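J.: one predicted model, sequence on top.
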Amino acid sequence: MILLDTCALIFDSLTPEKLTPKAKKNIEKAAEENTLFCCDISLWEIAMLIQKKRLDPGTHTQEFLQLMLNARRIQIYTITPEIAALSCSADLFSHGDPADRIIAATAIYHHVKLITSDQKLSVISQLDIIW
């Protein structure tokens, strides 16, 4: 099972050339096996980027999000009390971005590999990162 962070979702949907060959291969394999996930907070982050005009998917926000999920049959992990608590652990995270903390905590909680280009997350030994 593979969890895509927000950038990986955007890259896969709009600029796949920004993904590494290893990331592309793992995304394609997980999509074929129906084991590709994202966090609910990534949908919010993408919607905010579109609203702020920092991302232009060429269609309405809700339509883009649905197309993105449907294209690879991406399933959504929701924030649970366990994930929320884990994301606040000072022992695990020095990363200041709350969304990234939730995404990382989700990967740790569900014991899934995380596709991310975020170097700040690479220092977390509990994460199995693909990039």
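T.: Arrived safely. Numbering: from 1, shown residues only.

J.: tell me the pLDDT at the residue most central in space within the chain?
T.: Nearest to the geometric centre of the chain sits residue 5, at 1.8 Å (CA atoms, centre = their mean). Predicted confidence (pLDDT) at residue 5: the value is 98.

J.: same check on the one 10 residues further on?
T.: At residue 15, the model reports a pLDDT of 97.

J.: run a quick neighbour tally on it.
T.: 10 (other CB atoms under 10 Å). C-beta: built from backbone N, CA, C; applies to glycine.

J.: phi first, then psi, for residue 130.
T.: Phi and psi for residue 130, reported as degrees, to the nearest 10, are phi -110, psi 130.

J.: can you check residue 2 too?
T.: Residue 2 adopts backbone torsions of phi -130, psi 130, taken as degrees, to the nearest 10.

J.: that one touches residue 33, doesn't it?
T.: No: between residue 2 and residue 33 no contact is recorded; they are 9.2 Å apart, counting by CB atoms under 8 Å.
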